[in-house]
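Undergrad: Pasted the sequence and its predicted model underneath.
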Amino acid sequence: MSNNKDNTATNYSNIDRLIHEPARYDIMALLYVVEQAEYLFIQNHTEMTSGNLTTHISKLEKEGYLSVQKKFVRKKPKTFLRLTSNGRKAFDNYRSEMKKQISTLPEVSNEP
């Protein structure tokens, strides 16, 4: 039993902790399914405050997982986010690793 526990601990070391944080996971997951998204779209879907969202975006941008582009649309400033190729690869790896982790969990009986 302890041997399995040791293997599980080792496997968890392969999980990207930057992505694993729930708020950053939400950002990455939203951007994974679109080419790009406007800042307010991400903010509305994650329900984060502007300051909190900006902090998480900065961490992901610093790691090279997403790019931030500011431009004017109809004379109004807009911020657009997109996953970089490194960000997309990192999210693919994260998904694969989580699937592996989940597949190693034992089945639990719902019987009393």
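TA: Okay, I see it.
Undergrad: How about the residue nearest the centre of the chain: what's its closest non-neighbour residue?
TA: With distances taken as CA atoms, centre = their mean, residue 25 lies nearest the centre of the chain, 2.6 Å away. Of all residues beyond its chain neighbours, the one nearest residue 25 is residue 19 (5.8 Å), with distances taken as CB to CB, 6 or more residues apart in numbering. C-betas here are computed from N, CA, C, even on glycine.
Undergrad: Over to the residue nearest to the centre of the chain. Which of the three states is it?
TA: helix (DSSP: H, G, I helix; E, B strand; the rest coil).
Undergrad: thought it was touching residue 18?
TA: No. Assessed by CB atoms under 8 Å, residue 25 is found out of contact with residue 18, at 9.5 Å.
Undergrad: Am I right that residue 111 falls within a strand?
TA: No. Secondary structure of residue 111 (three-state DSSP): coil, not part of a strand.
Undergrad: what about the helices in this protein?
TA: 2-12, 17-20, 22-32, 39-46, 50-62, 85-103 (DSSP state H).
Undergrad: what number of residues lie near residue 60?
TA: Residues near residue 60, counting by other CB atoms under 10 Å, number 24.
Undergrad: so what's it up against?
TA: Listed by CB atoms under 8 Å, 6 or more residues apart in numbering, the contact set of residue 60 reads 18, 24, 27, 28, 66, 87.
Undergrad: One more: residue 13?
TA: Residues near residue 13 by CB under 8 Å, 6+ apart: none.
Undergrad: before we move on, the earlier item: ok, the residue nearest to residue 25 touching residue 91?
TA: Yes. Applying CB under 8 Å as the test, residue 19 and residue 91 come out as touching, 6.5 Å apart.
Undergrad: Mind checking which of the two has more residues around it?
TA: residue 19 (22 against 19).
Undergrad: ok, back up a step: go through the helices of the chain and pick out the most buried.
TA: By mean neighbour count, with neighbours taken as mean count of other CB atoms under 10 Å, helix 22-32 ranks first of the helices of the chain at a mean of 18.
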